[in-house]
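In: Any chance you can model this:
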Amino acid sequence: QVQPVESGGGLVQAGGSLSLSCATSGRTFSTYAMAWFRQAPGKERELVAVISRTGGSTYYADSVKGRFTISRDNANTVRLQMDNLKPEDTAVYYCAASPTMTSGTPRLPKSYAYWGLGTQVTVSS
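Out: Numbers count the residues shown, from 1 in each chain. Okay, the predicted model is just below:
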């Protein structure tokens, strides 16, 4: 079992960058695929990026491809580097963990058993 805790959100101007971090507890971090989701006011939660449990595979939503980078390290941390931010990136960003025995990149929220409380990202125009 892991408990994700997000940090790094804030206010940035369009075109700027932010780096989000997700720290997890537990000694089984390497058995979880990790993802970032986001939810804007009045909208459904959407997948932003996923990294497999080994780090060998990643998936990005089309809206962030080429601007965001997901990574993980051996210190139980997942990061989301966000560059060239746009006002439409404004949302609460959630880190989530999916227990998996494969090297896949789950896409659906229901595949993720553990969620952080979220961190606000606001991009001004």
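
In: Pull the contacting residues for the spatially closest residue to residue 25 that is not a sequence neighbour.
Out: Distances taken as CB to CB, 6 or more residues apart in numbering put residue 3 closest to residue 25, at 4.8 Å, once the chain neighbours are dropped. From N, CA and C alone the C-beta is placed, and that goes for glycine too. Residue 3 is in contact with 24, 25, 26, 114, 116, counting by CB atoms under 8 Å, 6 or more residues apart in numbering.

In: any idea how far the closest residue in space to the third one that isn't next to it in sequence is from residue 87?
Out: Beyond its immediate neighbours in the sequence, the residue positioned closest to residue 26 (CB to CB, 6+ apart) is residue 2, lying 4.4 Å away. When distances are taken as CB to CB, to the nearest Å, residue 2 and residue 87 turn out to be 32 Å apart.

In: Please verify my assumption that residue 16 contacts residue 85.
Out: Yes - using CB atoms under 8 Å, residue 16 is in contact with residue 85, at 5.5 Å.
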